[in-house]
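Asker: Take a look and give me a structure for this.
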Amino acid sequence: MIGYVTIGALDTEASGKFYDAVLGALGDERKFADGGWIGYGPKGEDSHYAYVCPPFDKKPATAGNGSMLAFKGHSKAEVDAAHAAGLANGGSDEGKPGFRPPEGKEFYGAYLRDPTGNKICVFFKG
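Answerer: Take a look at the predicted model:
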């Protein structure tokens with residue numbers, strides 16, 4: 001089980017705007033922003049599971065080739081909203097919302113790159 005994830009950012013403000021929109025569409029919210037760090041967690045709870053920040057070694061953040069984080073939504077509508085919100089807030093499309101595989105009926109996902117180039121998936125599994 002994963003305890004939390006840390007996402008490197010070249011521009012914390014731009015990445016924060018992106019993750020505010022994407023994770024907000026999935027029912028999560030920004031919990032804090034302090035010292036270049038932004039923390040996210042479920043609305044109404046005092047917990048965090050994702051952090052956006054510059055790398056600890058002070059070198060520029062880079063997107064990992066082959067790395068991807070997946071954020072679980074509660075419905076296809078949330079996936080659609082998260083994808084649209086990400087595109088409207090500095091993200092780029094890596095795969096429009098839809099079933100994977102296309103003839104499938106269980107895994108509904110969408111793929112984006114954040115402003116730093118990190119690849120994410122937002123999905124619903126029904």
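
Asker: How many neighbouring residues does Pro42 have?
Answerer: Per other Cβ atoms under 10 Å, the neighbour tally for Pro42 reads 15. Backbone N, C-alpha and C define where each C-beta goes, glycine included.

Asker: What about the residue lying closest to it once chain neighbours are set aside, how many residues nearby?
Answerer: Once flanking residues are discounted, Pro42 sits nearest to Asp28: 5.6 Å by Cβ to Cβ, 6 or more residues apart in numbering. By other Cβ under 10 Å, the residues close to Asp28 number 20.

Asker: Then Lys125?
Answerer: Using other Cβ under 10 Å: Lys125 sits among 9 other residues.

Asker: which ones are touching the closest residue to it other than its chain neighbours?
Answerer: Using Cβ to Cβ, 6+ apart and skipping residues adjacent in sequence, the residue nearest Lys125 is Phe107, 5.4 Å away. Residues in contact with Phe107 (Cβ atoms under 8 Å, 6 or more residues apart in numbering) are 99-100, 123, 125.

Asker: again, but for Pro42
Answerer: For Pro42, the contact set (Cβ under 8 Å, 6+ apart) comprises 27-29, 49.

Asker: and Ala33, what is it in contact with?
Answerer: Counted by Cβ under 8 Å, 6+ apart, Ala33 has contacts 16, 39.

Asker: Return the set of residues that bridge with it.
Answerer: Taking DSSP bridges as the rule, Ala33 bridges to Ile38.

Asker: and if you look at Val122?
Answerer: Beta-bridge partners, per DSSP bridges, of Val122: Phe71, Ala110.

Asker: do you know how far it is from Phe56?
Answerer: Shown here: Val122 relative to Phe56, a distance of 27 Å by Cβ to Cβ, to the nearest Å.

Asker: Could you do Ile7 as well?
Answerer: 13 Å.

Asker: List buried members of the contacts of Pro42 by neighbour count.
Answerer: Neighbour counting by 16 or more other Cβ atoms under 10 Å classes 28, 49 among the contacts of Pro42 as buried.
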